[in-house]
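>>> how would this look folded up:
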Amino acid sequence: AARPSPPARCGRCPSAYRSCWGGSAIAARAMREMPLGVPKLLVSTMASGDVSPYVGAKDVTLMYSVVDIAGVNRVSRRILGNAAAAVAGMATAPVAGGTDDRPLVAASMFGVTTPAVETARARLEELGYEVLVFHATGAGGRALEGLAGSGMLAGVLDLTTTELADDLVGGVLSAGADRLTAAGAHGVPQAVAPGALDMVNFGPRDTVPDRFEGRDLYVHNPAVTLMRTTTEEMAELGRRVAGKLRAARGPVALYLPRRGVSALDADGAAFRRPEADAACFAELAAGVAGSSVEVVDLDLHINDPEFARAMAERLDRMIKAQGGTA
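You can find the predicted model right below:
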């Protein structure tokens with residue numbers, strides 16, 4: 001993982017500043033390399049600010065040290081003692097719920113693709129899988145990518161690739177340029193759809209950058225404003241997704257929902273733009289032509305139950321063909 005950039009100076013001397021930031025960054029990086037579920041607790045002076053560079057997409061627990069880590073005193077003694085007790089408790093506590101040996105499948109979901117993912121999850125559970133659902137909010141996509149590279153997953157139902165639209169256009173929910181790469185790099189079977197590529201996410205309406213004034217905006221709620229991707233942006237997203245899928249080392253099935261890619265892209269809905277979707281689909285199909293990626297073109301909406309079940313059942317067949325069990 002890349003070393004996080006140091007935050008603004010805290011007012012202490014330069015040497016102490018480098019020490020407190022550097023120590024936390026080094027320890028956090030080591031913790032992020034540990035497997036999920038292994039107890040990880042970092043006591044740091046940096047834990048009361050933006051901790052995303054330290055936690056990343058892993059289950060790292062942070063505790064604010066309150067005082068500097070410069071010797072033991074009546075405050076630090078209590079805090080370090082609590083930290084030691086906490087991590088000891090994590091290490092010795094029995095796993096809640098016992099064990100579950102069903103193969104794991106990850107699925108990506110957004111509010112506007114929830115019906116599809118719920119249907120697919122139900123079908124995959126009928127087929128014998130445990131399904132982990134990741135909300136496509138940037139952090140969710142990064143967590144999915146991290147798990148896909150961990151060796152824990154039998155397959156990925158990447159039905160909601162919307163974070164790539166934010167990465168392209170400049171929305172607030174980007175998961176980074178590496179989104180939709182880990183499963184392919186590790187040979188994990190994937191069923192993929194262009195779910196919610198019709199939208200870019202921003203905060204309250206007055207936070208939308210001025211350069212987007214005049215664009216097709218939809219106020220989802222007071223905290224979320226959505227912007228419809230243009231035909232040109234949809235075409236570029238098709239090219240990007242196709243390039244990522246073409247590079248995959250494992251089996252991939254790409255599903256195209258001709259009647260819309262989100263709840264807002266349904267007939268009569270605010271973002272229905274068939275010409276923009278068609279541009280994306282055309283680039284997707286052209287970009288994977290001649291590769292091993294299977295393209296399934298369906299005259300269905302992404303939230304139609306038949307679409308979701310088709311993706312789930314195809315993923316099941318790919319997993320079993322690769323030697324996975326369910």
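
>>> doesn't residue 156 lie inside a strand?
Yes. Counting by DSSP: H, G, I helix; E, B strand; the rest coil, one finds residue 156 located in a strand.

>>> what residues are bridge-paired with it?
Per DSSP bridges, the residues bridged to residue 156 are residue 106, residue 190.

>>> quick one: contacts of whichever strand or helix holds residue 144?
Here residue 144 sits within helix 139-148, counting by DSSP states H and E. By CB atoms under 8 Å, 6 or more residues apart in numbering, the residues outside helix 139-148 that reach it are 36, 52, 56-58, 106, 108, 132, 134, 153, 156, 158, 163, 175-176, 178-183, 186, 188. From N, CA and C alone the C-beta is placed, and that goes for glycine too.

>>> of the residues you listed, grab the buried ones for PyMOL.
This is the PyMOL syntax for the buried subset of the contacts of helix 139-148, where burial follows 16 or more other CB atoms under 10 Å:
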select buried, resi 56+57+58+106+108+132+134+153+156+158+163+175+179+180+181+182+183+188
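
>>> and the contacts of helix 139-148, which of them are in helices?
With helices taken from DSSP state H, the overlap with the contacts of helix 139-148 comprises 52, 163, 182, 183.

>>> from the chain's centroid, how far away is stretch 55-71?
Centroid displacement of stretch 55-71 relative to its chain, using CA atoms, centre = their mean, to the nearest Å, is 24 Å.

>>> then stretch 250-260?
18 Å.

>>> still on that earlier bit, which of the ones in helices among the contacts of helix 139-148 lies closest to residue 242?
Taking CB to CB as the measure, residue 242 sits nearest to residue 183 out of the ones in helices among the contacts of helix 139-148, at 15.4 Å.

>>> from residue 145, how far off is the closest one?
8 Å (CB to CB, to the nearest Å).

>>> residue contacts, residue 191?
Here residue 191 is in contact with 155-159, 252-253, 255, 311-312, 314-315, 318 (CB under 8 Å, 6+ apart).

>>> 7 Å instead?
Counting by CB atoms under 7 Å, 6 or more residues apart in numbering, residue 191 touches 157, 253, 255, 311, 314, 315.

>>> and the pLDDT for it?
Per-residue confidence at residue 191 stands at 98 (pLDDT).

>>> how near is residue 217 to residue 119?
For residue 217, the distance to residue 119 - CB to CB - is 30 Å.

>>> do you have the strands of this protein handy? List them.
For the chain, the strands defined by DSSP state E cover 41-44, 61-64, 104-109, 130-135, 153-158, 190-192, 199-202, 217-221, 224-228, 252-257, 294-298.
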